[in-house]
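Novice: Can you look at this prediction? I've put the sequence above it.
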2 protein chains.
Amino acid sequence: MPAKDLFHDAVRHALEKEGWVITHDPLHLRIQSLDFYIDLGAERLIAAERAGEKIAVEVKSFLGASAISEFYKALGQFIPYRAALAEKDPERVLFLAVPADTYSTFFEQRFIQTIIERECVRLLVYDEKREVIKVWIP
Amino acid sequence: MPAKDLFHDAVRHALEKEGWVITHDPLHLRIQSLDFYIDLGAERLIAAERAGEKIAVEVKSFLGASAISEFYKALGQFIPYRAALAEKDPERVLFLAVPADTYSTFFEQRFIQTIIERECVRLLVYDEKREVIKVWIP
């Protein structure tokens, strides 16, 4: 299993504050001989009579040497993780969790926005100090 | 500029053997404040009266701890590189160069094939010892 990202617990707490129940930490999927460990699986009941919303969240801290290198790795994980979920747990929606600082300095660049939109990467922007979710995109 | 991949020169020689002229080593693209360095740019004249074919090649050795981690990084680079080329040099076709051993042990798995096909990743499979290209896919 891969090491937990530094802000893993901050995102976990932020989700819990919004009423999500953490059901998997990590969420393990196995496809043939390949193992995928997505950081968090969570569920929230919308109303008593309806099925719950289900998400998976891959947490990134973006504390490495360069934001672009971290972005390569995050994008390269996101796409196979989403494909693995589509096979094994198709109702669960995958989000990439990124810190608010990185969102405003890096993700808001026009070229990065183009990639994110074209690849349909859903983002969860978090404040790691206050342990809150600032925005879900889209 | 990022460090050269271990098999960079083997792929360069393999391309030259097939009649490609290496025009960039690396191929640098700048979009706003983002710098992209694709390992190789190459060109081959098809016939005197026609324009040349142009390619860009990102070389991966897959010598790290796990093939899946190397794959995440390769895929996460390939997609932005292709988008950068589409803006700056739209006639140039991007290939991901992977060693033949890794191709047969890792890339031929059904799930990895699905990702490669869905994301339209073009592969150049090379033999690093003989310094030859074994196959271009597709």
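Specialist: All right, it came through fine.
Novice: From residue B:52, how far off is whatever residue of chain A ends up closest to chain B?
Specialist: Closest approach of chain A to chain B (CB to the nearest CB) occurs at residue A:76, with a separation of 2.7 Å. Heads up, the C-betas are built off the backbone N, CA and C, glycines and all. Counting by CB to CB, to the nearest Å, the separation of residue A:76 from residue B:52 is 31 Å.
Novice: Who has more neighbours out of these two?
Specialist: For residue A:76 against residue B:52, the residue with the higher neighbour count under other CB atoms under 10 Å in any protein chain shown is residue A:76, and the figures read 23 against 15.
Novice: Let me know the pLDDT of residue A:52.
Specialist: At residue A:52, the predicted lDDT confidence score is 74.
Novice: Quick check, it in contact with residue A:44.
Specialist: Yes: here residue A:52 reaches residue A:44: they are 5.9 Å apart, a contact under CB atoms under 8 Å.
Novice: what's the burial count for residue A:30?
Specialist: Other residues within reach of residue A:30, judged by other CB under 10 Å, total 10.
Novice: What residues does chain A have near chain B?
Specialist: Of all the residues in chain A, those in contact range of chain B (CB under 8 Å from any CB of the partner chain) are A:31-34, A:68, A:71-77, A:79-80, A:83-84, A:87, A:109-112, A:114-115, A:118-119.
Novice: how about a cut-off of 10 Å?
Specialist: If contacts are counted using CB under 10 Å from any CB of the partner chain, the residues of chain A sitting beside chain B are A:2, A:31-36, A:66-84, A:86-87, A:106, A:109-112, A:114-115, A:118-119.
Novice: Find the helix or strand that residue A:62 is a member of.
Specialist: Secondary-structure assignment from DSSP states H and E places residue A:62 in no helical or strand segment.
Novice: related to what we said a few turns ago, now, of the residues of chain A next to chain B, which are buried?
Specialist: A:31, A:34, A:36, A:67-68, A:70-84, A:106, A:109, A:111-112, A:115 (16 or more other CB atoms under 10 Å in any protein chain shown).
Novice: which ones among the residues you listed are found in strands?
Specialist: For those, the ones inside strands are A:31, A:34, A:36, with DSSP state E as the criterion.
Novice: nearest to residue A:24, of those?
Specialist: residue A:36 (11.8 Å; CB to CB).
Novice: May I see the buried residues of the helix or strand harbouring residue A:56?
Specialist: Per DSSP H and E, residue A:56 falls inside strand A:53-59. For strand A:53-59, burial by neighbour count (16+ other CB under 10 Å) applies to A:54-59.
Novice: Need the pLDDT of residue A:29.
Specialist: pLDDT at residue A:29 comes out at 97.
Novice: the inter-axis angle of the helix or strand where it lies versus strand A:53-59?
Specialist: With elements taken from DSSP H and E, the one containing residue A:29 is strand A:27-31. Interaxial angle, strand A:27-31 versus strand A:53-59 (axes from the mean of the first three to the mean of the last three CA atoms, to 10 degrees): 90 degrees.
Novice: Name all residues that make contact with the nearest residue to residue A:17 once chain neighbours are set aside.
Specialist: Distance criterion CB to CB, 6 or more residues apart in numbering or on different chains; nearest residue to residue A:17, sequence neighbours excluded, is residue A:132 at 6.5 Å. Remark: with contacts taken as CB atoms under 10 Å, 6 or more residues apart in numbering or on different chains, residue A:132 is in contact with A:10-11, A:13-15, A:17-18, A:100, A:126.
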